[in-house]
Each structure stands twice: as C-alpha cells, then as structure tokens.
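*Asks:* Okay, sequence plus prediction incoming.
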Amino acid sequence: MKQILFFFTLLISVLLSCNSQRNINKNAVFSELITNKEWVAVELEGKKIELSEINQFPRLKLSESKISGFSSCNRMNGTYALEKEKITFDTIAVTKMLCFETQEIESKFLKVLSEVKFWKYEQTKLYFLNAQKQIIIVFEEKK
C-alpha cells in the first residue's frame, strides 16, 4: 500500500513539474516574438501616424522585463510584465524636453500606452490592445 501511495505521489509531482515547465516554455516562445526588437508605432487608435518630414515616430524595445524607447520627442524607460497574451506596464519614466512639432503625437502615444492590457503578433506586426481587446497601437519592426 505504501509503495502505491509513493508511486502516485511521485507521478503527480512529475506531471506537475512538466506542466510548469511547459508554461515557462510557452511564455518564452511568446516573449521571443516581440522582445529584443525595436518596434515603430505606425497607428494610434485606428489612425495612421503621419509626421511629415520630421520622422520622429514613437518606438520602443522590450527586453528582460524592461521597456525603453522614444515617445516622439522624449526618451522613455520602465518595466513591464508579459504573460501569454497579457502585457502590463509599470510606471514609465519620460524625459522632459519640449518639441512643438511632435507634442500632440507624443501626448497621445503615452496616454494610449497606459491603456494597454493585451498584445498580439501577426504577420510581422505587434498590436497592443486595451481592456476591451480593441487594437489601440500598431507597431512594425524597425529594420
């Protein structure tokens, strides 16, 4: 009887550890799609970003739970958490330079970025979605 109980306990332990490893591997696969790449924002709330000659598109890079980037005028950095299709950003620090040409797009980008709850990756594009799973930012990988 003790041997059977020991066997079942061992079997359950092995199965649970395999499942745990599989979840870790899934998160690693998810994060490999979007991390350590520079992403350039091309759409905000369904509208294409148009910046005439200035070409100061918002961009970001996600790596090892850290976010860094450029919000059209200012540098930004902070931390984030990624779990399958969910992404959450902690406080994002932004420098305080003033750029009249990109002030509007920068304000909108930072506001929309604070609303991000989900992400998806399709056909080389990264999509950030809000709590209602509506696409609010579209990124393309910087080449």
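*Replies:* Sure, I can see it.
*Asks:* Tell me the spacing between the most centrally placed residue in the chain and residue 62.
*Replies:* Residue closest to the average C-alpha location in the chain (Cα atoms, centre = their mean): residue 87, at 5.5 Å. Distance from residue 87 to residue 62, counting by Cβ to Cβ, to the nearest Å: 8 Å. For glycine as for every other residue, the C-beta is placed from the backbone atoms N, C-alpha and C.
*Asks:* low-confidence ranges in the chain?
*Replies:* 1-31, 51-55 (pLDDT under 70).
*Asks:* That one: strands as residue ranges?
*Replies:* Taking DSSP state E, the strands of the chain run over residues 38-44, 47-48, 59-63, 66-70, 75-83, 86-94, 118-122, 125-129, 135-141.
*Asks:* Tell me which of these lies nearest to residue 102.
*Replies:* Residue 102 sits nearest to strand 66-70 of all these, at 10.0 Å, using Cβ to Cβ.
*Asks:* So which elements touch the closest one?
*Replies:* If you count contacts as 3 or more Cβ pairs under 8 Å, 6 or more residues apart in numbering; DSSP states H and E, strand 66-70 packs onto strand 59-63, strand 75-83.
*Asks:* Sheet-wise, list the partners of it with their directions.
*Replies:* Within its sheet, strand 66-70 is paired with strand 59-63 (antiparallel), strand 75-83 (antiparallel), according to DSSP bridges.
*Asks:* and the first one, how far from the chain's centre?
*Replies:* Going by Cα atoms, centre = their mean, to the nearest Å, the spacing between the C-alpha centre of strand 59-63 and its chain's C-alpha centre is 8 Å.
*Asks:* before we move on, the earlier item: export the strands of the chain as a markdown table, with columns for distance to residue 100.
*Replies:* Listed next are the strands of the chain as a markdown table, based on distance: least, Cβ to Cβ, whole Å:
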| stretch | distance to residue 100 |
| --- | --- |
| strand 38-44 | 19 |
| strand 47-48 | 20 |
| strand 59-63 | 20 |
| strand 66-70 | 17 |
| strand 75-83 | 18 |
| strand 86-94 | 17 |
| strand 118-122 | 32 |
| strand 125-129 | 27 |
| strand 135-141 | 23 |
